[in-house]
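Trainee: Predicted coordinates and the sequence they were generated for:
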Amino acid sequence: MMDFMRAVIDRFENGFAILELENGKMVNVPAELIPQGAREGDVILIEIDREETKKRQKRINDLFEKLKES
């Protein structure tokens, strides 16, 4: 299982980046979410950061435990 997907920037239009996903579907993404300097034709990766997810889950669980103790 891959933790990422590739998308090609087809074009920028009305504040959106129109991306073509690997499955051929086109999606509109707010241009502000696209890395600065990216251009039409660039391939970008949409990635799951498993380590950061674990850290955030632990932090949330720790905060929840503190609340339960109060």
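Mentor: Perfect, thanks for sending it. Everything numeric in this text was worked out from a predicted model, so none of it was measured. Numbers count the residues shown, from 1 in each chain.
Trainee: Next up, the contacts around the residue positioned nearest the centre of the chain.
Mentor: Closest to where the C-alpha atoms of the chain average out (Cα atoms, centre = their mean) is residue 46, at 5.0 Å. Residues counted as contacts of residue 46 (Cβ atoms under 8 Å, 6 or more residues apart in numbering) are 4-7. (C-beta placed from N, C-alpha, C; glycine too.)
Trainee: Residue 60: neighbour count?
Mentor: When neighbours are counted by other Cβ atoms under 10 Å, residue 60 registers 10.
Trainee: The residue nearest to the centre of the chain falls within a helix, correct?
Mentor: No: judged by DSSP: H, G, I helix; E, B strand; the rest coil, residue 46 forms no part of a helix; its state is strand.
Trainee: Okay, and the beta partners of it?
Mentor: Listed by DSSP bridges, the beta-bridge partners for residue 46 are residue 5.
Trainee: pLDDT-wise, what's the bottom of the contacts of residue 46?
Mentor: In terms of pLDDT, the lowest of the contacts of residue 46 is residue 4, showing 92.
Trainee: Residue 47 is in contact with that one, correct?
Mentor: Yes: applying Cβ atoms under 8 Å, one finds residue 4 in contact with residue 47, separated by 4.1 Å.
Trainee: Of the contacts of residue 46, select the buried ones using a ChimeraX command.
Mentor: Selecting only the buried entries of the contacts of residue 46 in ChimeraX, with 16 or more other Cβ atoms under 10 Å as the criterion:
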select :7
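Trainee: possible to save the contacts of residue 46 as TSV with distance to residue 13?
Mentor: Listed next are the contacts of residue 46 as TSV, based on distance: Cβ to Cβ, whole Å:
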residue	distance to residue 13
4	25
5	22
6	21
7	15
